[in-house]
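# Sequence and predicted structure below; questions after.
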Amino acid sequence: MGSLQKLLKRNKVKAAYKACRDPEYFSRHANVHKPTYLWIGCVDSRVAAERIMDVEPGEILTFRNIANQCQPGESSIESVIELALEKFGIDQILVCGHYDCGGITQAVCGHGDSPLNSWVDPIRDLHSQFAKELDSLEKENKINTMSRINVAAQVAHLASHPVVKQCWEQGRKLEVHGVMFDTGTGDLLDLEISQSAPSTLEDSALLEKLATQAIAEPARA
Ligand SMILES: [Zn+2]
C-alpha cells in the first residue's frame, strides 16, 4: 500500500470512529465557520495548533509559515489579518514559536542564496540586533532564545499593524499574545508580552522592549 493509500485509510478509520462516538460531529461543523482565535505558527509538523490545545474544528483560524513570521506588507499575512479581524471579528491572536525551530536555525547558522534563506532574512536582522544578548549563549540556548525574540518581534509587528490599531481605536477588544511550544515536553508557554491596546512607544522601541522581555526563559506552571 502506497503512502497516500495509507493516509486515506487512516482518514477513513478516524472519520468512522468520530461519527460512531458522535453521529452529529461532522454535520455540526459542516456549514459553520466562526473561529475565535487566530494562530500564527511555524510549519513544523510537530507544532499543530489543534493538537497542542486539543480544540474542536472551527475554533482556530491557523496561519503557518517558516518560523511563524508576520512581516509588514507581506500579502499572505495581510490577507489573514483582514480575514480574521474584519470577517470573523476574532479578538485573540496567538503568535507561537517553538523550541528546536529549523527556520530559526537557518537564520542563525545558514547562508547562501535560496528562497529559504531569503525568507528568514528578517530573523537574521533580529539576530544581529540582539547579538550582544545572544553571542555568549551555547548553540541550543541561542536558537531557542532567538525563537522567543522572534515571537516578540512578530507580536510587535502585529501591535503596530494599521488594522489592529484601528480595532483598538474603535474600542474593540483585541489581544495579541506571544507563546512558545516546547517540543520536548508538550508545554505551551506564555511569554507574557501580550498587547491589548496601542503602545505609546515608537514601533522600533516596542519591538526592542518586547524582545528584551522575551529573552528571559518563560515560567512553567
Ligand atoms: Zn519552526
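Yep, it's here.

# helices or strands next to the helix ranked longest in the chain in the packing?
In the chain, assigned by DSSP state H, the helix with the most residues is helix 139-159. Under the contact criterion of 3 or more C-beta pairs under 8 Å, 6 or more residues apart in numbering; DSSP states H and E, helix 139-159 touches strand 92-98, helix 102-109, helix 121-129, helix 131-134, strand 175-181, helix 203-214. Bear in mind the C-beta positions are built from the backbone N, C-alpha and C, glycine included.

# Quick check: which of those has the most neighbours on average?
Ranked by mean neighbour count under mean count of other C-beta atoms under 10 Å, these are led by strand 92-98, which reaches a mean of 26.

# picking up where we left off before, run the contact check for the longest helix of the chain versus the ion.
No. Helix 139-159 does not reach the ion (C-beta under 5 Å from the ion); its nearest approach is 7.7 Å.

# Just the angle for that helix relative to strand 92-98, thanks.
160 degrees (axes from the mean of the first three to the mean of the last three C-alpha atoms, to 10 degrees).

# Quick one: distance of helix 139-159 to the chain centre.
Mean-position distance between helix 139-159 and its chain equals 11 Å (C-alpha atoms, centre = their mean, to the nearest Å).

# and Gly112, helix, strand or coil?
Assigned with DSSP: H, G, I helix; E, B strand; the rest coil, Gly112 falls in the coil class.

# helices and strands of the protein: which one bottoms out on pLDDT?
helix 25-30 (a mean of 91; mean pLDDT, DSSP states H and E).

# Which residues belonging to it are considered buried?
Residues of helix 25-30 classed as buried: none (neighbour count, 16 or more other C-beta atoms under 10 Å).

# Can you give the domain ranges for this protein?
1-31, 33-214 (automatic domain parsing).

# Compare the ones you listed and give me the one nearest Ala221.
Closest to Ala221 of the domains of the chain, according to C-beta to C-beta: domain 33-214, at 8.2 Å.

# so after the least confident helix or strand of the chain, what's the next helix or strand?
strand 37-42 (DSSP states H and E).
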